[in-house]
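Peer 1: turn this into a model:
(4 chains)
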Number of protein chains: 2
Amino acid sequence: MAGVTSTPTTGQEPLRGYAKGRLRREEILDTARALFGEVGYRSASLREIAARCGISHPGLLHHFPTKEALLEAVLVRRDAVSEERFGVIRARGTAALRALVEIVAANAAEPGEVELYCVLSAESTAPDHPAHRYFADRYTATRANLERSLREAAEDGDLRPGVDPAVHAPVVVAVMDGLQVQWLLDRDGPTPTDMPAALRAHLDTLLTHPL
Amino acid sequence: MAGVTSTPTTGQEPLRGYAKGRLRREEILDTARALFGEVGYRSASLREIAARCGISHPGLLHHFPTKEALLEAVLVRRDAVSEERFGVIRARGTAALRALVEIVAANAAEPGEVELYCVLSAESTAPDHPAHRYFADRYTATRANLERSLREAAEDGDLRPGVDPAVHAPVVVAVMDGLQVQWLLDRDGPTPTDMPAALRAHLDTLLTHPL
DNA sequence: CCTACCGATCGGTAGG
DNA sequence: CCTACCGATCGGTAGG
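Peer 2: Below is the predicted model:
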C-alpha cells in the first residue's frame, strides 16, 4: 500500500542521494555561520555545530573535510548571497550611496550577518588567521567601490568641495563597521544605535544636498 | 663576604617580597594584554601567557585566581593607563577634538593597545562574554563625552549648521573603531590606513573651519 | 612558585 | 552517516 514502506517516514519522504546531501550542506553552513558569528571561528567547535544539526562531528567532516574548509565555504556562500541580493544594483554616484543605506537597513534586520562579519573581521586581523587574506582583499575592494561612487558624485556636482574621495572612502567604510559594533552591543538596550540613520547623516555631510 | 650568599644572583639582587610580586604581576598583565589582542580572550590560554613569562600556569594562577580575574585586571589597568595619559586633558570643544586626533596618532605607534581594543570589543558583542558589560558601558561613556565636545563646538560657533551632536557622536566613535580594523589588516602592506589623517578629515566635515 | 593531576573538550582519523 | 578512538590542550585544583 502507498505510504507503507520498510522504513518509517516523518510525514515527508526522505530525500534521495544528492538532494539530501545538498540540503544537509546548507543546514551545516547556516549553523556554522551562526556559531562563527556568536563566538568567532577559533572558539567555535565542530562538535557544537554538528550537534545543532543533529549529527555527529565526524558526520559533519564527511561534508567538509576540515574546519578551515567549512570556514571558506561559509565565506564563499556569504559572497554569493550578497552578490545575488545586491550585485544587481549597479547604481552610479549618489544612487549607489542610497543603495548602501538600504543595505545597512536590511542588515539591521538580519543580526546573524552582522555578527559574522563583525566578529570574524576583528578575529582575522591576526596575520595567521585563515580568513586574514579574505578580509584584507575584501576591504580593498569595498574601499575601491566606494571611492568610485564618491568620484561619480563629484562628477555629478553632488560632492561638497574639499571632500577627497580617496580620503573619505575608508572613512565611510569605517562608519559602517564601527556602527555595527555599537549596534551589536546595545541592540537589546533601550536605545539601540540606528545604523541606517547614522550612515545617512554621515553621507549627507559629504554631499551638497541630502540623500 | 658581600655578594656571596647561599642563593646565586643574576647580576641583580633578587627583589624581596611585595616588590617582586608586583613586578611579576605587571609582567603577566603586559603579556596577557598582548595575547588577548593577538587571538582574543577565549582563544588565549593561561599556559601560553605563563610560558611567555617563564613560569608555569599554576604559577600564574597564584597571582590571578581565574582567567576572568586576569581579563578584568587587564581592562582595569588599561583604563588606569588611559586615564593617566589622557585624563589630564579636559579640553573644550574643538580643542578636545584635536586631542582626539592626537590620541589616535599615538595609538598607531602602539599596535598592542589597538589590537586589544579591536579584538576584545568584537568578541564581547556576545551577550555572555565576560567583557560585555565593560564595553557596553565604555561605549556609552565615550559617546556621551563626544556629544558634549560637539555641543561645546556648536556653542562656540565651530559646528556646521545641521550637524546634530547626538547623531554624529556615535558616528565619530564608529570612524575611530572602523579605521582600526582597516589599519590592523593593512598596516604591513604598501599603503597602510592613515588613521589620524582620516579622522581629522572626518571631523573637518563637521566643522565650520578645519581643525 | 613547582609537579602532578583532574575531567572536559578540541580537530581529525580508523573502520565500518 | 555512525561509534570509537587518537594525541593535544584547556582551566582549575591538590599538595607541597
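
Peer 1: ok, the most centrally placed residue in chain A - contacts?
Peer 2: By C-alpha atoms, centre = their mean, the mean C-alpha position of chain A lies nearest to A:Glu113, the distance being 4.3 Å. By C-beta atoms under 8 Å, 6 or more residues apart in numbering or on different chains, the residues touching A:Glu113 are A:Gly37, A:Arg78, A:Asn107. In short, each C-beta sits where N, CA and C put it, glycine included.

Peer 1: the same query, at a cut-off of 6 Å, please.
Peer 2: For A:Glu113, the contact set (C-beta atoms under 6 Å, 6 or more residues apart in numbering or on different chains) comprises A:Asn107.

Peer 1: which pLDDT value goes with it?
Peer 2: Predicted confidence (pLDDT) for A:Glu113: 91.

Peer 1: repeat that for A:Ala19.
Peer 2: 75.

Peer 1: burial measure for it, as a count.
Peer 2: When neighbours are defined as other C-beta atoms under 10 Å in any protein chain shown, A:Ala19 has 10 of them.

Peer 1: show me which residues of chain A sit near DNA strand D.
Peer 2: Taking C-beta under 7 Å from any atom of the strand as the contact definition, chain A meets DNA strand D at A:Lys20, A:Gly21, A:Arg24, A:Ala50, A:Cys53, A:Gly54, A:Ile55, A:Ser56, A:Pro58, A:Gly59, A:His62.

Peer 1: what count of nearby residues applies to the fifth one?
Peer 2: Per other C-beta under 10 Å, the neighbour tally for A:Cys53 reads 18.

Peer 1: and the third one, by the same measure?
Peer 2: Other residues near A:Arg24 come to 18 when the count uses other C-beta under 10 Å.

Peer 1: and what of the last one?
Peer 2: A:His62 is flanked by 12 other residues according to other C-beta under 10 Å.

Peer 1: who are the packing partners of the host helix or strand of it?
Peer 2: Secondary structure from DSSP states H and E places A:His62 in helix A:57-63. Under the contact definition 3 or more C-beta pairs under 6 Å, 6 or more residues apart in numbering or on different chains; DSSP states H and E, helix A:57-63 sits against helix A:46-53.

Peer 1: which other residues reach the helix it packs on?
Peer 2: A:Glu27, A:Ile28, A:Thr31, A:Ala32, A:Leu35, A:Ser56, A:His57, A:Leu60, A:Lys67.

Peer 1: quick one: buried residues of it?
Peer 2: The neighbour-count criterion (16 or more other C-beta atoms under 10 Å in any protein chain shown) identifies A:Leu46, A:Glu48, A:Ile49, A:Ala50, A:Cys53 as the buried residues of helix A:46-53.

Peer 1: how about these in a markdown table, adding pLDDT?
Peer 2: Shown next, in a markdown table, are the buried residues of helix A:46-53 (pLDDT from 0 to 100):
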| residue | pLDDT |
| --- | --- |
| A:Leu46 | 97 |
| A:Glu48 | 97 |
| A:Ile49 | 97 |
| A:Ala50 | 96 |
| A:Cys53 | 96 |
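
Peer 1: can you find the helix or strand of chain A with the lowest average pLDDT?
Peer 2: Within chain A, no helix or strand scores below helix A:67-86, which has a mean of 88 by mean pLDDT, DSSP states H and E.

Peer 1: number of nearby residues for A:Gly157?
Peer 2: A:Gly157: 9 neighbours (other C-beta under 10 Å).

Peer 1: so it: helix, strand or coil?
Peer 2: Reduced to three states with DSSP: H, G, I helix; E, B strand; the rest coil, the structure at A:Gly157 is coil.

Peer 1: what does the one 4 residues further on give?
Peer 2: Under three-state DSSP, A:Pro161 falls in the coil class.

Peer 1: output the helix or strand that the least confident helix or strand of chain A is followed by as CSV, nothing but the C-alphas.
Peer 2: Going down the chain from helix A:67-86, the next helix or strand is helix A:94-108, by DSSP H and E. Coordinates of each C-alpha in helix A:94-108 appear next as CSV, following Å, rounded to 0.1, in the frame of the first residue of the first chain:
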residue,chain,number,x,y,z
THR,A,94,24.6,59.2,-5.0
ALA,A,95,22.2,56.4,-6.2
ALA,A,96,24.8,53.9,-5.1
LEU,A,97,25.2,55.7,-1.8
ARG,A,98,21.4,55.5,-1.3
ALA,A,99,21.6,51.7,-2.0
LEU,A,100,24.3,51.5,0.6
VAL,A,101,21.9,52.9,3.2
GLU,A,102,19.3,50.4,2.3
ILE,A,103,21.8,47.5,2.6
VAL,A,104,22.6,48.7,6.1
ALA,A,105,18.9,48.9,7.0
ALA,A,106,18.5,45.3,5.7
ASN,A,107,21.4,44.1,7.8
ALA,A,108,19.8,45.5,11.0
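
Peer 1: the longest helix along chain A near chain B anywhere?
Peer 2: In terms of residue count, the longest helix belonging to chain A (DSSP state H) is helix A:17-43. Yes - for a cut-off given as C-beta under 6 Å from any C-beta of the partner chain, helix A:17-43 has contacts with chain B, namely A:Glu38, A:Arg42, A:Ser43.
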